[in-house]
Each structure stands twice: as structure tokens, then as C-alpha cells.
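Engineer: Fold the following for me, if possible:
(one chain, ligands or ions: 1)
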Amino acid sequence: MNEKNIIITGATDGIGLAAAKTIASQGYRVGLVGRNPDKAKTAIESIISHTGNDKIDFFQADLSLVKEIHKLSNQIKQKYSHLNVLLNNAGGANRYKIITDEGLEKTFATNQMNYFVLTTNLMDMLSESHGSRVVNVASNAHIGASIDFDNINSEKGHSWWKSYCISKLMNIMFTYRLAEMQDKVTANCLHPGFVDTNIGGNEGNVIKKIVKFGSRIFARTVQDGADSSIYLSTSDEVENITGKYFFKCKEIKSSKVSYNKDHWIKIWDICQSYKEQLL
Ligand SMILES: NC(=O)c1ccc[n+]([C@@H]2O[C@H](COP(=O)([O-])OP(=O)(O)OC[C@H]3O[C@@H](n4cnc5c(N)ncnc54)[C@H](OP(=O)(O)O)[C@@H]3O)[C@@H](O)[C@H]2O)c1
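Structural biologist: Below is the predicted model of the structure:
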């Protein structure tokens, strides 16, 4: 049990890959989750050559699909004897409305259902290790967003930006609710800052342009964007901290709406219900 194991989703690119490199350099066994084996191969080679740590595994899954997350959870449980950290990072924005084969709007499915299903599936394993952590990458894009519970899957209309912002608000509410429910595992979330990554790369260039513009103004590199992910996943300083939101490794307040406990419960119940339907 001496070796520390971490699962990082969306670790084939951007902030997730930057976090994986630093965490691997600290000696962790790192399980990268991604959907593209070629990108994963390149990512693994780069991590090993940068860190000398070859304890790097790849799990392939399309995280917009609940059924794939169930399979992934079983694979993780078979491969690892224990799990110390789950870093939920994979996410993106879809410029057009896409409904997955499972009937969920893709931004909601990838950004929120993914975090919910993987975390709740792995919670028994996380609970077995002392001091385990869940870290959720959210965003300050949640500020100003509120959840329309009748439009979870864009039934009444779709705005790519609104869907993205709401999914990031859900990430924060999910984290707060999880922290309240758990006494063995901590749960924290973070804003990485505007960082020029491949986010929205496959979906037209509007999202990329916004991120590029923001990253220039705020001058955050991809490595800077990984700072709180690394800190919350590994630092002794936050060993007993739970239910908080961070930026640049400092606790900050999230939006007023994000502290609405009724909405924490409502969104939890919606995710749980989809999870059960899609077993
Ligand atoms: N960049 C920013 O300015 C910014 C700001 C605030 C919050 N964030 C958050 O930071 C996190 C990381 O984003 P990033 O900026 O690093 O973007 P990125 O470079 O596009 O990386 C996203 C990662 O998630 C993976 N991913 C996306 N959809 C997936 C799916 N359906 N199944 C499996 N993997 C999937 C991608 O895989 P592929 O390589 O296969 O695409 C990639 O590895 C996201 O949660 C995002 O919301 C980013």
C-alpha cells in the first residue's frame, strides 16, 4: 500500500497531461484515462521521458458514455489494488447540440455525468485508503450560470456556452455535496484559469478563440493551469481540507448560486437516476 495510485481523466492533452507529468515526477503510479490510444501513447512516452517514472497505465474510454464509464471503473478496480486520488479533469464544450447514443446532451454527459459516475463507482475503493481525495476540475465560467432543471439535456434549447457554464456549476455543486456526504475521502474543486489548450478543438474555433484570448490577458501557461490540480491531489497542506473551491492553490468563493444545497441534492439525484437507467 506504500505506492500511491492516481487516476487522471483527460490526461492525453492540456491541463490533465501537465498535471500527470508533475504527479508522475513525484513517484505516483498514474492511470491516464482518454479516448484516443495514439494520443495516449505519445502522452505516456512524454511522461516517461520527462520523469523517468514508467509506472504509467492507460485506460481507454469515451467519457461521454455512462456504459463506458462503468466498464472503465471495473478495469481500474481489476488493475489497481488501491486508489489514493481521482482527478476528474476530462471535459470540453460542444459548439452544437449533440445527443449521445444514451440520450444525454454531450456537454452535460462529458463534463458532469462523467465526474459523477466515475467518482461514485470508485468511492468504495477510494474509501479503503487512508486520506484519499477526489479533485474536480471546474471553472469560473460557472459564475452567472444557474441550472434550469427542465433543460438538463437541452430539451428546450441549446446554447453551447450556457451548457458549458452550467456543467461547470454542476461540478462545483457535486463536489460540495460529495464532501458533505463523505467522511473518509476529501473532495475539492478548482478553477485552472484561462489556459490555451485544445479545449473545444474539434468543435469549431469560437471556444478556442475565447480561451486563447483569455490566456493571453491572464498570461497563464498550461503548466500554470495545472497548479491547483497538482496541489489538491498531492499536497500535505490540504490533507484534511474538503468541500472547497480553489484557484492558484488558494481557496476562493464560488458563485452564490453554487451554495444552494437544494440544488446540490437535485443535481445529485438526477445524475444518480441516469446512472441507474444506463447500467
Ligand atoms: N483551458 C481553459 O482555459 C479552461 C478553463 C477552465 C476550465 N477548464 C477545464 O479544464 C479541464 C481540462 O481542459 P483542457 O483545457 O486541458 O482541454 P483539452 O486540452 O481539450 O483537454 C481535455 C482532455 O479531456 C479529454 N476528453 C474530452 N472529452 C472526452 C471524452 N468524451 N472521453 C474521454 N476523454 C475526453 C481530451 O481527450 P482528447 O485528447 O481525445 O480530446 C483531453 O485529454 C476541463 O474540465 C475544462 O472544462 C479549462
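Engineer: alpha carbons only for contacts and neighbour counts from here, please
Structural biologist: Will do.
Engineer: So which residues on the stretch 1-150 of the chain come close to the ligand?
Structural biologist: Residues of the stretch 1-150 of the chain lying close to the ligand (C-alpha under 6 Å from any ligand atom) are 10-16, 34-36, 61-64, 89-92, 110, 137-139.
Engineer: D150 - how many residues pack around it?
Structural biologist: Neighbour count for D150, taken as other C-alpha atoms under 10 Å: 9.
Engineer: Name the helix or strand for it, please.
Structural biologist: Assessed by DSSP states H and E, D150 sits outside every helix and strand.
Engineer: How many residues are close by the residue nearest to it when sequence neighbours are not counted?
Structural biologist: In space, and not counting its chain neighbours, D150 is closest to K156: 7.6 Å by C-alpha to C-alpha, 6 or more residues apart in numbering. Around K156 there are 9 other residues, counting by other C-alpha under 10 Å.
Engineer: just for the stretch 101-250 of the chain, where's the confidence low?
Structural biologist: 200-206, 215, 219 (pLDDT under 70).
Engineer: mind listing the helices for it?
Structural biologist: 106-108, 114-128, 160-181, 206-218, 222-225, 227-234 (DSSP state H, counting those that start in this stretch).
Engineer: Show me the one of the ones you listed that comes nearest L190.
Structural biologist: helix 227-234 (6.6 Å; C-alpha to C-alpha).
Engineer: ok, the closest one near the ligand or not?
Structural biologist: No - on the criterion C-alpha under 6 Å from any ligand atom, helix 227-234 is out of touch with the ligand, staying 9.6 Å away.
Engineer: my read: A138 touches K168, true?
Structural biologist: Yes - the criterion here is C-alpha atoms under 8 Å, and A138 meets it with K168 at 5.0 Å.
Engineer: For those two, list the residues in contact with both.
Structural biologist: Counting by C-alpha atoms under 8 Å, 6 or more residues apart in numbering, A138 and K168 have no common neighbour.
Engineer: Tell me which residue of the chain is positioned farthest from its centroid.
Structural biologist: Most distant from the centre of the chain: K156, at 26.5 Å, with distances by C-alpha atoms, centre = their mean.
Engineer: Quick check: that residue vs the ligand, distance?
Structural biologist: 23 Å (C-alpha to the nearest ligand atom, to the nearest Å).
Engineer: Torsion angles phi and psi at that residue?
Structural biologist: Main-chain torsions, K156, degrees, to the nearest 10: phi -90, psi -10.
Engineer: Quick check: closest non-adjacent residue to T9.
Structural biologist: V33 (4.5 Å).
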